[in-house]
Structures are given as structure tokens and as C-alpha cells.
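Visitor: based on what follows, work out the 3D shape:
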Amino acid sequence: MSSVEGSTRSVQRAWETSIHYTVSGPEDGPTWLYVHGWGCRRTDFAQVAAFLPADHRVIAVDLASHGDSRSARTAWTMREFAHDVAAVTDAESVERCAVVGHSLGGAVAVELARVRPDIVTQVIGIDSFHYLGLYPAVEDSLARQMVRSFEDDFPAAVRGLVVMGSVPDTDPDFGETIFRKMSSIPPAVGAAALDGMLRWDMDEALGAVRQPVTTLAVRGLLDPAAVDRYGERIDFVVHELGSHHFLIEAPEETAKLLMAARFD
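Guide: Numbering: from 1, shown residues only. Modelled structure (predicted):
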């Protein structure tokens, strides 16, 4: 088991963007790079990191205007988020890493594999890639309708996301904790980031990267059509560890799944 404590650092990008991240573990250890989901933050991975081997390095990033990171940008695409993460890998001189992306973070992880193909060895999604209503790219009118619901009533729309990511035995108090966290991001950022995800073309992106892609998919949330569509490109590891946010509910078991999925 490794320590959850680490060094908090930041890197600057354009548009008054300051990306904060945490680094723990030895510099020469196998590297995990964690990218959180929509409305979440890097600390979601802290308990999982505690169950990874002590000789592994963990870099956990707050995306722009999430957690401690700040930005005045107007571009909220998955590619732009990936450039934020790439700035971190550059600052830390990362030579090889497995990228773990939760939900929207999975899309960012795939884009990072395109931006830094020489250092990303594989992409592991945490309950990512199988929500066909969110990606591949959604038709324009439907995307606008979905984004407008967040613009019109942000708390209600976030509540809908929490419900969508719950399973029958999800603890209501846990759901409330997730809701409070996700609804605390700036509504304009939340709506714009959602728009960026809805317009991300996963089919095109997966075809453009050579790295293997895995997703740790919650059985009760998995769309079988996604397995039919992507089963030859994505390795689906199906489990029953909890809700869409199972990494927080079951960190030790999540770490075991990550270790089993990693091959380098």
C-alpha cells in the first residue's frame, strides 16, 4: 500500500489557466495518471492510490475549473482538456504512463493518447465509454437540448446525472455527497464541458489511437449495445462494485481491478 499524501503542484497554460495536480510515489516507479470525471476532482482517486503498490507513482490532475484548477478559457473540448493533462506530463518529465479516466475523464485520456502517443501505454476507463447516449458524437439538436437543460436548471440537471449513475443499492447519503460535489462547479463550465463531451467523436478517436483501451464497467449501468459495438476495440471488465462512482465506494477492489488490467 502506498501513501495517499503527495506533493501538490501546478502548471500554467494559456487563458489564465492554472492546472493543479498531486504527485506521490517514487519518480522512477511505474506511473499512473488519473483524470477525473465531469464535476469531480483529483482527490476522488486518493483512496484508490493508497492501495496501489508503494513503488508506483501516481499523478492525479484537476481539470480546468474543477477542484483547485482555474481557467478563463472559452474552449472546453476533450482535446483542450487533454492538453492540460499533457502540460502536467511535460512538467513531470513522464516517459511512460497508464492513464486512468473516470467517465468524461476517459474521453480526455483517449485524447491524451493522441496528444502524447509516445508516453501513454494504455487507457483504462472507470465506468467510461459505454454510455452511447453521451458518446460517440451526439446529433446537434439533441446536444443543444441536453446542454440547455443544464443552462436552465443546473442543480436539477446534475441531480439527473447522479440518478443516472446510481444502482438500486446506492446509499442515498452517498448520492447526496456526489450531488453536492458535482453541483459545486461553475454552471457555465459544467454546461460547456458537457457540450464538449457530447460533441466528442469516440469512434473517430478510438480509430486514431494505437494504445489498448479497457473500461471497468458497472454491470447495472452497462449498455449491452456498447459491448456489441466496441467489444473488439475495448476490453470490458464488468463488475458489481457499486455505482458510477465505485472508485470512491470500493477503492481497494478498484485498485485490484486496475492492477489486473495494467500490462506494462
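Visitor: tell me where the model's unsure across the protein.
Guide: Low-confidence segments of the chain, defined by pLDDT under 70, are located at 1-6.
Visitor: hey, where'd the helices end up in it?
Guide: Shown for the chain, the helices assigned by DSSP state H span residues 46-49, 78-91, 104-115, 140-152, 154-164, 172-182, 187-198, 202-208, 224-230, 246-249, 251-261.
Visitor: and of the ones you listed, who's closest to Leu132?
Guide: Across the helices of the chain, Leu132 has its closest neighbour in helix 224-230 (5.6 Å, C-beta to C-beta). The way it works is simple: take the backbone N, C-alpha and C, and place the C-beta from them, glycine included.
Visitor: pull the number of nearby residues for Val61.
Guide: Per other C-beta atoms under 10 Å, the neighbour tally for Val61 reads 30.
Visitor: got a list of what it touches?
Guide: Taking C-beta atoms under 8 Å, 6 or more residues apart in numbering as the contact definition, Val61 lies against Ile19, His20, Tyr21, Leu33, Tyr34, Val35, His36, Arg42, Ser69, Asp84, Val85, Val88.
Visitor: how close does it get to Gly39?
Guide: Spatial separation of Val61 from Gly39 under the definition C-beta to C-beta, to the nearest Å is 15 Å.
Visitor: circling back to that earlier point, looking at the helices of the chain, which is closest to Thr215?
Guide: Per C-beta to C-beta, nearest to Thr215 of those: helix 104-115, 6.9 Å.
Visitor: what helices and strands are in contact with the closest one?
Guide: Helix 104-115 is packed against strand 31-35, helix 78-91, strand 97-102, strand 120-126, helix 187-198, helix 202-208, with contacts defined by 3 or more C-beta pairs under 8 Å, 6 or more residues apart in numbering; DSSP states H and E.
Visitor: could these be laid out in JSON lines, adding mean neighbour count and distance to Gly231?
Guide: As requested, the helices and strands packed on helix 104-115 are exported to JSON lines (neighbours: other C-beta atoms under 10 Å; distance: least, C-beta to C-beta, whole Å):
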{"stretch": "strand 31-35", "mean neighbour count": "27", "distance to Gly231": "24"}
{"stretch": "helix 78-91", "mean neighbour count": "21", "distance to Gly231": "23"}
{"stretch": "strand 97-102", "mean neighbour count": "27", "distance to Gly231": "19"}
{"stretch": "strand 120-126", "mean neighbour count": "25", "distance to Gly231": "14"}
{"stretch": "helix 187-198", "mean neighbour count": "21", "distance to Gly231": "22"}
{"stretch": "helix 202-208", "mean neighbour count": "15", "distance to Gly231": "12"}
